[in-house]
Every structure is written in structure tokens, then in C-alpha cells.
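S.K.: Provided below for reference: sequence and predicted model.
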Amino acid sequence: MPDGNALFYGDNLDVLASMPDECVDLVYLDPPFNSNRNFNVIFNRHAQGSGGASAQIQAFGDTWTWSYATGEQFDHLVAGGLPPDAATALAAIRQLLGENDASAYMINMAPRLVEMRRVLKPTGSLYLHCDPTMSHYLKVYLDAVFGPENFRNEIIWKRTGAHSDNRQGARHLGRSHDVILRYAADEARAVANPATTPYSPEYIDSHYPYTDPDTGLRYGLDNLTGPGGAAKGNPAYEVMGVTRYWRYSQARMSELIAEGRVIQPRPGAVPRYKRFLDDSAGVQLQDVWADIPPLNSQAAERLGYPTQKPVALMERIIALSTNPGDLVLDPFCGCGTTINAAQNLGRRWVGIDITYIAVDLIVKRLKHVYGESVSFSVAGVPRDVEGARALAHKNRFDFERWAVSLVGAQPNEKQVGDKGRDGLARFPLGPGGQFGQIAVSVKSDKKPGPWMVRELAGTVQTLKADMGILVLLEPATKQMLDAANHAGSYTHPGNGQTFPRVQIITVGEMLAGKRPDKPTTLLPYIAARRTAAAGAQNGLF
């Protein structure tokens, strides 16, 4: 476990198992689950769903779809792989749901949630972000893992505006909220910092209707009498000609009068306390959050990530349950919003994601936002050719995304429909906002051949790209180098620089520090911000 901030590329169950007990102050997780699929598909027995559109959902698509392996995993968990209460809850959920994608999702979440509870400090809290499709099953299971007495809140976050689903034939009310389940490791010891929200204009008008002529500050008038009278020990004396039981001692009342905080609205009326709006911190935070809007297509922080949450939402959660210097863990860190918020609030952090595209995006996002001031380690990413070979053997698609990122390009989000390329880089052609394109192809074949060069050259032509880069795991043959040398050149219209039309580079060369000869390309995070600012809605590029 690193001492400082850390990103882990890999399965969070493996990473969590390597962490010591009681080392984390806050766990926030937003585990991907494609609840937009038809309920009949999710809950049908033996349903075989597609796994969803986002990179995370794709990565978990096989394990979160019911299969023979899911059944074996369930048998292992209930036979001793989980604490007794958690095993009993999981067995009940499986019996209720049957064998389907929803049940598979719960079976695969079960050991992860147990590990998250293990790494939480006694003062720590867990926030699980989900939607109403699975929130009730997750709550039952979390009750078993944490104990129902440690359930703190079911927070409702209004994540979108009004829906018109009924116009498309829907028979349900508009679904516009997410659920955030909040649990404490130990209810009596968990950090719970006070939080308030501003008063509404309507509340201010009704409760602070007056304006002080000297200061221009808004104020309202409150009761000064002591509730319960003498029975509650309130003193009785005269104030401004009125005798009552008061909530303050006579000495304190004299101080308030001297400070101008006691007003008699009219002669003979009961004196009132003058309470300024500026003296109030606001309304205590409730469990319905409608004041943090979701990210729209124009939001500056938008990265095109399907389930991206606003930084303000993460900052509220972190501020509620941690103090500066505490450690925040996000085991499904996606595009890194939790990490960004933790860094901004002076907390330490650990992020885990099973997709390299997410880890790479977070690295670029942090460097773009914080520059050299942010320090962190990245674990699980290949550091040598043998590590790259192991990754290619384990998951070819993740290897492709990792290799594309080494080039400085954006990997494909899907494994299908890639049109002959595994990634794309864009570079500015000039000040007019026009961009050139570089198609990137990655090959992990043990015996590469010149056909790979010809295929990439054809892809460049088909996509009307300007250049092509072929990334190889193994060294290129002489015939391949010759084919690339005969593919022509590209001249940048802005500065006149010339580059090979098609070039070859190996993973080993890039790990040693070499990079392709190409124009300066936009980092994915910067490109996303520019794209969002222009009003486009086509993802990172």
C-alpha cells in the first residue's frame, strides 16, 4: 500500500485484498450497472445482457452477466467466503432474484463490499451511489455487512430535470434521481461534519422581512420568552415594561439590549430578538439534494464519461465525512471526479479502475488541473515489455488502449466497429479551430508482417486521416519498415513540418522514452474541455 496518493489499474477486489485493515477514512463508489436496459432483461432468469455502453460496464460485462462461473462463485461465497450475516443475505437475494444479471451483479459486488468494510477505519463512512434499479437489494446486503444500526442515510440526488418518457410510451413517472446509501463503520465514532445549505429566497422573505436602516442587513424577529415558564427554570423580570418568563438571564438580557438586539415592535408589545440573516449558517443539510445540478453538455468539467458526476457532489460527500489529510478511496474511480475533489480539498486518495482508459484519463486530468503540484503513483501498468506481453495475453483490448495512450492518442471506447483503428489523435492545424487526425493501430501478434502496414495505410485513406501510427509489441520486420518508408509523407499546413505518412514504433521503444514523429496532439482531457466549450457532444474528441 503506497504512502501517498495512488492509482491502481486492475480489479478492485485484488487491490482491496492487498490493503491493510482500517486504513481508509471514506469509501465512495459508483459501481457501473446498466440499469437503462429493460427491467425484463435484467431480472429474467438466465438473461444474457450486453453489459452496457461505458468502458467500465464493458469491462465487467462478463462477470456481471449470469453464467456457470457465477454459480460457482456464489457457492464459494456462501460456503465460507463471506462473513455469516453477509452470506445469509446474499443467499436470500439470490433466491429472490433467481439466476439473472441482477443476481450476478450482487454476487460480484458482495465480496468487494465486505473488503471495503474491512479497510474502513472505525471513524470512516461508506457512500454507495446507485439508482433505484438495485438500491434496495444493495441496502439489504449493506445492512448485513455494516449492521443496520450503522445505516445513516438514503440520500436522494436529483440528477436530471423533468422527463417526458410517457411521450415515448412509458407507463412510469419520470425517473430523475439517484440513490446514495450512507453507512458508518461505527455510528458513534464516524466523522460527521456539520453542513448547511443556503436559505431559499422564499424563506428569506418570510423569516427575514426587515432591513436594518444603518447597516442595510436583512433581519427577522424571534421569540425571547422562555418556553415552559418557571417549570423549566426560566427567570421572570420586566423588560421594556413587559414582565414575562425569559429565556435569558437578566444580565444577559441587558447585554442584548445594549447591543441593539432587542426590539419592542410597538409600545406595550412583547420585546423580540433581532436576528440577522448574516448570523445564520443556513439550513441544516437534509437527505434530498436538489441543489447540485448534473453535468450538462456545456459544463467545463465534462469529459464525455457516461456516468460522470459533478465535482461539487463529491466535495460535499468528502467534506461531510472526512477531515483534511484523511484518506479517500474510490474503487470504481472512472474518470476521477472523486480523486479530483479529494485533491482539491486537501485529502489523500486512492483510486482503482479495471480499465486503462480510465486510469490514463485520470492521470491527464490531474496533470491538467493541478500541474506539477500533484504527486501520485500508478500501479498495475506495464513497465517493461514482459509486462506488456502479460497484459496482451490477459486482455488484448486493454493492451490496445494502454498502447494507444503511450502514443498520446485516445483509445476506442468499444471493441467493435473500430473501422481499422484502435485509437485516434487530433492535432491543431492552425488558429482557426481546424484539426488534423492520426489513426493509431496496435498489433500484439508474435509474428508481425507487412500486411499490417498496408491495412493501416488503407485505414488512413478510408478515414481521410492525415497520418497513421502502427504500434507493435514485437519488432517490425524489414519488409514492414520498407512498406512504411514507401507510404509517403505528410506536411503540416500551419508550420510546413514534414512527417512520415505511416510510421512504426514498438512498445519497447516507447517504454524506453521514444515517441512517434508527429505534430503536437491534444491531451484527451484538454480536448474534451475544448469540445464541450464548442458545444459538441461526441465524447472526448
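M.R.: It's in.
S.K.: state the distance from Ile263 to Ile257.
M.R.: Distance, Ile263 to Ile257, using C-beta to C-beta, to the nearest Å: 10 Å. All C-beta atoms are positioned from the backbone trio N, CA, C, and that covers glycine.
S.K.: need the strands for the stretch 301-450 of the chain, in chain order.
M.R.: 327-330, 348-353, 377-379, 410-411, 423-428, 435-443 (DSSP state E, counting those that start in this stretch).
S.K.: out of those strands, flag the one nearest Val369.
M.R.: If you check each of those against Val369 by C-beta to C-beta, strand 348-353 wins as the nearest, at 13.5 Å.
S.K.: parallel or antiparallel, list what pairs with the closest one.
M.R.: Counting by DSSP bridges, the strands paired with strand 348-353 are strand 6-9 (parallel), strand 327-330 (parallel).
S.K.: which one of the ones you listed has the poorest average confidence?
M.R.: When the strands paired with strand 348-353 are compared on average pLDDT, strand 6-9 comes out lowest at a mean of 94.
S.K.: buried stuff in the helix or strand that that strand is followed by?
M.R.: Sequence order places helix 12-17 as the next helix or strand after strand 6-9, per DSSP states H and E. For helix 12-17, burial by neighbour count (16 or more other C-beta atoms under 10 Å) applies to Asn12, Leu13, Val15, Leu16.
S.K.: helices or strands next to helix 12-17 in the packing?
M.R.: When contacts are defined as 3 or more C-beta pairs under 8 Å, 6 or more residues apart in numbering; DSSP states H and E, helix 12-17 sits against helix 101-119, strand 348-353.
S.K.: so of the ones you listed, which one's packed in deepest?
M.R.: strand 348-353 (a mean of 27; mean count of other C-beta atoms under 10 Å).
S.K.: which other residues reach that one?
M.R.: 2, 4-10, 12, 15-16, 24, 56, 325-334, 336, 338-339, 342-343, 359, 362, 376 (C-beta atoms under 8 Å, 6 or more residues apart in numbering).
S.K.: chain center to it, what's the gap?
M.R.: On the basis of C-alpha atoms, centre = their mean, to the nearest Å, strand 348-353 sits 11 Å off its chain's mean C-alpha point.
S.K.: that one to helix 101-119, inter-axis angle?
M.R.: Orientation check (axes from the mean of the first three to the mean of the last three C-alpha atoms, to 10 degrees): strand 348-353 against helix 101-119 gives 150 degrees.
S.K.: residue ranges with poor pLDDT in this protein?
M.R.: For the chain, the stretches flagged by pLDDT under 70 are 1-2, 34-63, 161-170, 297-298, 304-306, 413-419, 522-541.
S.K.: centroid residue for it?
M.R.: Central residue of the chain (C-alpha atoms, centre = their mean): Thr337, 4.5 Å from the mean position.
S.K.: that one is in contact with Ala312, isn't it?
M.R.: No - Thr337 is not in contact with Ala312 according to C-beta atoms under 8 Å; the separation is 9.8 Å.
S.K.: quick revisit: separate out the buried members of the contacts of strand 348-353.
M.R.: Those of these that meet the buried threshold are 5-10, 12, 15-16, 24, 56, 326-334, 336, 338-339, 342-343, 359, 362, 376, by 16+ other C-beta under 10 Å.
S.K.: of the strands paired with strand 348-353, which is nearest Phe151?
M.R.: strand 327-330 (19.8 Å).
S.K.: ok, back up a step: can I get the helices and strands packed on helix 12-17 in TSV with distance to Asp445?
M.R.: Putting these into TSV (distance: least, C-beta to C-beta, whole Å) gives the following:
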stretch	distance to Asp445
helix 101-119	32
strand 348-353	27
